[in-house]
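J.: Sequence and predicted model, in that order:
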Amino acid sequence: MKNLSVAEIRPSACPHDCPSTCALEVERLDAFRIGRVRGAADNSYTAGVVCAKVARYAERVHHPDRLMHPMRRTGEKGGGSWQQISWDDALDEVAEAFLKREARYGSETIWPYYYAGTMGLVQRDGINRLRHAKKYAGQYSTICTTLAWTGWLAGAGTLYGPDPREMAKSDLIVIWGTNAVHTQVNVMTHATRARKERGAKIVVIDPYRNPTAEAADIHLCVNPGTDGALACAVMHVLFAEGMADRDYMAAYTSGYEELEAHLASKTPEWAAAITGIPAAEIYDFARLYGRTKRSYIRLGYGFSRSQNGSINMHAASCLASVTGAWQYEGGGAMHNNGGIFHWDRTLIEGLDVRDRSIRQLDMSRIGPVLTGDPDDLGSGPPITGMLIQNVNPMDVAPELGKVHRGFAREDLFVCVHEQFMTETAKMADILLPATMFVEHDDIYQAGGQSHILLGPKIIEAPGECRSNHAVISGLAKRLGAEHPGFEMTELELIDETLIRSGWPDVESLRAQKWHDCMIDFDHAHYLTGFGHADKKFHFKPDWSRYGENAAGVPTLPDHWEVIFEADAEHPYRMVTAPARNFLNSTFTATPTSLKREKRPTVKIHPEDAAQIGTSEGEVVRMGNRLGSLLIHVEIFSGMNPGTVIVEGVWPGKIFIEKVGINLLVSARSPKPAGGAAFHDTAVWIRPEPAPSDEAERA
């Protein structure tokens, strides 16, 4: 008789790189299997809502293509020939390879490389404990947040804002630089509640008509990288038409008189020519914003994807200080709440053994680093050994041409710890199978909300999969690395870190599932002062305080023309926006996600398609000075002519010529503090004869 037993519901937290960090309810079917994943209804931010890709997480956990055993490469790099080996042999070989290279070149020849495949503090950041204990090369983690965080901090001085749940109490929500429907669905939960209960308006500012824009009352379709010009024009109207709160600015800001004089020429007409938004729409939005006291600006990570992103983020964040919207519940601006979590990361990351003289390598410039660029390597040795966790640079890093050439080096030894055979995993010398979030213990800090969440182990891992912490600890013993954290379990690390940080211990957190760390209203709204020494919001920041490469950065909000502008040779500006069913290269192996996304396409405006000489479903060649690739066309009128959109970080193997879209993205480091400008690319597009079915499948 069929077993009709009811699934056990276990609490957890979404581990992925989304600001929502949803509180989850996971169906545990037995010791080895999960069922449906739901948003926790009793968490006041998640409010029972979770994105579709996480809801069907069982597809990932129980996917037949998961890596199950340690393997050794037996053929040429990337050739796909592997031999199954034991865990002891695998870790022994990695340690032997690293020690051999250390003896020849010094410790800085080894580069542990990681990012946000999991956002758990233990499983994500523990690799730094090995790095610091062994004095391996450091990682400057620029690839996602640096540009946006730098711009926010330049104005506000610290990284937090009004409680995001206050969006439900706002009369105007401006969603700027994020496609929340794709990337942080809970923003829409609270914004649509405000519209339903208060009649609030939702405005979306984005380069194309994505699902978030379709759900809005107003969509301002801005040209990529021109957000600063829009912000300046809005502030011009606020000053010119008497909607600026001068009493607030006098009490809480610095530089507002210079700002007003500077903006005198930054009219909506001026901005229209730059942004592609008609001047009348800019006037209408500025007046709506200026007349609405309870206006909440939700600023996203789109600002981190442009060469001028820090300046654009700062300009957009200035609006709430010009109107004084911070004073009201449901008012102000918010980007990330990371500043409210006072973690002591010493034990997890080994900060007590860190040597600050060790060189830092920019992770966004992995291609130049691995191909020996002296500007990146400095006087140090080449990188000849890598341990890679939680990231897939062969698909997601800029300048994939250099990345691929770097990984193809015969002298580069690479150990990859992964869940699937990614493009990076294919280039490993030793490949190790990794657990997923329901198969290990971890703790999570939200960015887009205010909770610390426990993610306890729910089921046993399949095959021989091991957690990141287990791998790091196993390697440490073989490499002679010493630190108390290597001898502790995940739960012991979590408990001690919580206690050291002043939060409830692990058993308290297990009992309550999460802990709300939201600070009080006055601090969250900066009514006690901003984060700078003078307690003011800075309209005119000293950019040299936020990065070593600040020369030439505008001192006041402006449109800074350092983006890869379209020109006669490269007439189209390309945005590589997030796909709804992927998260970077995560979920690109799950059947439903692949089915729903179908294939890589470039969205082209009908006017541009006519000029190019292409139509729906045809293949074009798209390229620039970094390379070119073939891609199918989707005719789409939801952006300004001259802008093209490619959604999703598709695996290179899915593209016709087996190389991904980031082949065309520059690794040039943006000012003032670095970053990865994924949405800042100029390209040419040409018709191309369609490949045969056989060639496309090859």
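T.: Nice, I can see it. Residues are numbered from 1 along each chain as shown.

J.: Secondary structure element holding the residue nearest to residue 439 when sequence neighbours are not counted?
T.: Of all residues not flanking residue 439 in the chain, residue 461 sits nearest, at 4.1 Å (CB to CB, 6 or more residues apart in numbering). C-beta here means a position set from N, CA and C on the backbone, and glycine is covered the same way. Using DSSP states H and E, no element contains residue 461; it sits outside every helix and strand.

J.: I figured residue 461 hits residue 435, correct?
T.: Yes. Here residue 461 reaches residue 435: they are 4.7 Å apart, a contact under CB atoms under 8 Å.

J.: neighbour-wise, which of the two wins?
T.: residue 435 (25 against 21; other CB atoms under 10 Å).

J.: Next, work out how far apart that one and residue 460 are.
T.: Remark: distance between residue 435 and residue 460 (CB to CB, to the nearest Å) = 10 Å.

J.: cool, residue 25 as well?
T.: From residue 25 over to residue 460 the distance is 20 Å, taken as CB to CB.

J.: Same drill for these two, tell me which one is more crowded.
T.: residue 25 (20 against 13).

J.: Pull the contacting residues for the more buried one.
T.: For residue 25, the contact set (CB atoms under 8 Å, 6 or more residues apart in numbering) comprises 9-12, 37-41.

J.: which residue sits closest to the most centrally placed residue in the chain in space, ignoring its chain neighbours?
T.: In the chain, the centroid-proximal residue (CA atoms, centre = their mean) is residue 144; its distance is 4.2 Å. Leaving aside its sequence neighbours, residue 144 sits nearest to residue 304 (CB to CB, 6+ apart; 6.2 Å).

J.: and that neighbour, how many residues sit next to it?
T.: 27.

J.: Figure out how far stretch 159-175 is from the centre of its chain.
T.: 21 Å (CA atoms, centre = their mean, to the nearest Å).

J.: Tabulate the CA atom coordinates of it in PDB.
T.: Coordinates of each C-alpha in stretch 159-175 appear next as PDB, following Å, rounded to 0.1, in the frame of the first residue of the first chain:
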ATOM      1  CA  LEU A 159      25.100  50.600   5.600                       C
ATOM      2  CA  TYR A 160      21.500  50.500   6.700                       C
ATOM      3  CA  GLY A 161      18.100  52.200   6.100                       C
ATOM      4  CA  PRO A 162      14.500  52.200   7.100                       C
ATOM      5  CA  ASP A 163      13.000  48.800   7.900                       C
ATOM      6  CA  PRO A 164      12.000  47.400   4.500                       C
ATOM      7  CA  ARG A 165       8.700  46.300   6.000                       C
ATOM      8  CA  GLU A 166       7.900  50.000   6.100                       C
ATOM      9  CA  MET A 167       7.300  49.900   2.400                       C
ATOM     10  CA  ALA A 168       3.800  48.700   3.300                       C
ATOM     11  CA  LYS A 169       3.300  52.000   5.100                       C
ATOM     12  CA  SER A 170       4.500  54.200   2.200                       C
ATOM     13  CA  ASP A 171       2.500  56.300  -0.200                       C
ATOM     14  CA  LEU A 172       5.200  56.000  -3.000                       C
ATOM     15  CA  ILE A 173       7.700  53.200  -3.500                       C
ATOM     16  CA  VAL A 174      10.500  53.800  -6.000                       C
ATOM     17  CA  ILE A 175      12.200  50.500  -7.000                       C
END
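
J.: What are the boundaries of the strands in the stretch 251-400 of the chain?
T.: For the stretch 251-400 of the chain, the strands defined by DSSP state E, counting those that start in this stretch cover 253-254, 295-299, 332-334, 360-362, 385-389.

J.: name the helices or strands packed onto the fourth one?
T.: What that stands for is strand 360-362. For strand 360-362, the packing partners by 3 or more CB pairs under 8 Å, 6 or more residues apart in numbering; DSSP states H and E come out as strand 138-140, helix 374-377.

J.: Please apply the same query to the second one.
T.: For strand 295-299, the helices and strands in contact under the criterion 3+ CB pairs under 8 Å, 6+ apart are strand 172-176, helix 309-317, helix 319-323, strand 332-334.

J.: again with the third one
T.: Contacting strand 332-334 under the criterion 3+ CB pairs under 8 Å, 6+ apart are the following elements: strand 295-299, helix 319-323.

J.: Quick one: distance of it to the chain centre.
T.: 20 Å.

J.: what's the answer for stretch 455-466, then?
T.: Chain-centre distance of stretch 455-466: 26 Å, with CA atoms, centre = their mean.

J.: Check stretch 590-610 too.
T.: With CA atoms, centre = their mean, you get 22 Å for stretch 590-610.

J.: quick one: buried residues of that stretch?
T.: By 16 or more other CB atoms under 10 Å, the buried positions in stretch 590-610 come out as 590, 593-594, 597, 600-605, 608-609.

J.: Kindly report the same for stretch 456-470.
T.: 456-459, 461-462, 465-470.

J.: now stretch 71-86
T.: 71-73, 82, 85.

J.: Could I get the CA-only coordinates of that stretch as CSV?
T.: What follows is stretch 71-86, C-alpha atoms only, in CSV (Å, rounded to 0.1, in the frame of the first residue of the first chain):
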residue,chain,number,x,y,z
MET,A,71,37.5,12.7,-8.8
ARG,A,72,41.0,13.2,-10.4
ARG,A,73,41.5,14.5,-13.9
THR,A,74,43.0,11.9,-16.1
GLY,A,75,43.1,13.6,-19.5
GLU,A,76,43.7,17.1,-20.9
LYS,A,77,42.2,20.1,-19.0
GLY,A,78,38.5,20.4,-19.8
GLY,A,79,38.5,17.1,-21.6
GLY,A,80,36.0,15.4,-19.3
SER,A,81,38.1,12.4,-18.4
TRP,A,82,37.9,11.5,-14.7
GLN,A,83,38.9,8.8,-12.3
GLN,A,84,37.0,8.3,-9.0
ILE,A,85,39.2,8.4,-6.0
SER,A,86,38.9,8.4,-2.2
